[in-house]
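Novice: Build me a structure from this.
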Amino acid sequence: MTGMLIGATFGAIFVFINASAPLNAALGILLRVAAALALAGVIAMWLQAIRQARATGVEPALPGAAQGATMFGRGFLLVAVIEAVALFGGIAVLGAWQQPEQVNVAWVAFVVGVHFVALAPVWKSRAIAVPGAVLTVLGIAGFVMAATAALDWVPFVSGVLSGATLLAGSLVSARNGLASQNEQASVTR
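Specialist: From the prediction side, this is the model:
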């Protein structure tokens, strides 16, 4: 569930930062409010899972994840280090090449997407590859858009839509994890 909290937090940040012009101001506010509510929902499920784990001793299991998969072990650390180097190194390179700042949003979406795809075998869960593939495609779409008159829309496509993907995936996975925890707890009673 901590992974869902992290994903939802970054998803909300993607939306908060990128839901701006050329979007209508009211739509930007609406998207930010929706992102905050989605994040609040994940936080509520995370807290509920902690309370239930303390009360029953049953941890939430994410459907599709292999039993005994280590979430934050060496494999995760390796992927996270590579991601950090790629993120900051890539942004530095894009700046040196004098690319428009909107391209940074596409780069972040691409790298975060690839990071999730790379974590699928580490976490032994195909489910994480789905939002990873979506973010990767949204990042690539942003790069393509940057070469057109649609440059100003890159933050929406690569940022807001990536954030919405992370939030939706986190909400669904947190709900499924909490449901599996409830089911396991009822079996052990």
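
Novice: quick one, strands of the protein?
Specialist: For the chain, no strands are identified by DSSP state E.

Novice: What is the longest helix of it by residue count?
Specialist: helix 25-56 (DSSP state H).

Novice: Tell me the buried residues in that one?
Specialist: Residues 28, 31-32, 35, 38-39, 41-42, 45-46, 48-49, 52 are the ones in helix 25-56 that count as buried (16 or more other CB atoms under 10 Å). In short, each C-beta sits where N, CA and C put it, glycine included.

Novice: Would you tell me which one of the residues you listed comes nearest to P60?
Specialist: A49 (4.8 Å; CB to CB).

Novice: does that closest one really touch Q181, like I thought?
Specialist: Yes - look at A49 against Q181 with CB atoms under 8 Å: they come within range, at 5.9 Å.

Novice: Test for you: state the pLDDT assigned to F72.
Specialist: Looking at F72, its pLDDT reads 83.

Novice: Just name the shakiest helix or strand of the chain by mean pLDDT.
Specialist: Lowest on mean pLDDT, DSSP states H and E among the helices and strands of the chain sits helix 161-188, with a mean of 91.

Novice: which of the residues in it are buried?
Specialist: For helix 161-188, a neighbour-count test (16+ other CB under 10 Å) marks 161-167, 169-171, 173-174, 176-178, 180-182, 184-185 as buried.

Novice: got it, and stretch 136-147?
Specialist: 136-139, 141-143, 145-146.

Novice: Also stretch 145-159?
Specialist: Neighbour counts over stretch 145-159 (16+ other CB under 10 Å) mark 145-146, 150, 153-159 as buried.

Novice: Closest one to I17 out of these, please.
Specialist: G159 (6.6 Å).

Novice: any weak-confidence spans in this structure?
Specialist: 62-69, 189 (pLDDT under 70).

Novice: got the contact list for T136?
Specialist: Residues in contact with T136, defined by CB atoms under 8 Å, 6 or more residues apart in numbering, are 109-110, 113-114, 117.

Novice: okay, among those, which ones form the most distant pair?
Specialist: A109 and V117 (12.6 Å).

Novice: Comparing the two, which residue is more hemmed in?
Specialist: A direct count of neighbours by other CB atoms under 10 Å for A109 and V117 places A109 higher, at 32 against 17.

Novice: I'd guessed that one sits against L135; true?
Specialist: Yes - using CB under 8 Å, A109 is in contact with L135, at 5.1 Å.

Novice: Between these two, which contacts overlap?
Specialist: Counting by CB under 8 Å, 6+ apart, the shared contacts of A109 and L135 are S162.

Novice: circling back to that earlier point, who does the least confident helix or strand of the chain touch, helix- and strand-wise?
Specialist: Counting contacts by 3 or more CB pairs under 8 Å, 6 or more residues apart in numbering; DSSP states H and E, helix 161-188 packs against helix 2-18, helix 25-56, helix 102-123, helix 129-146.
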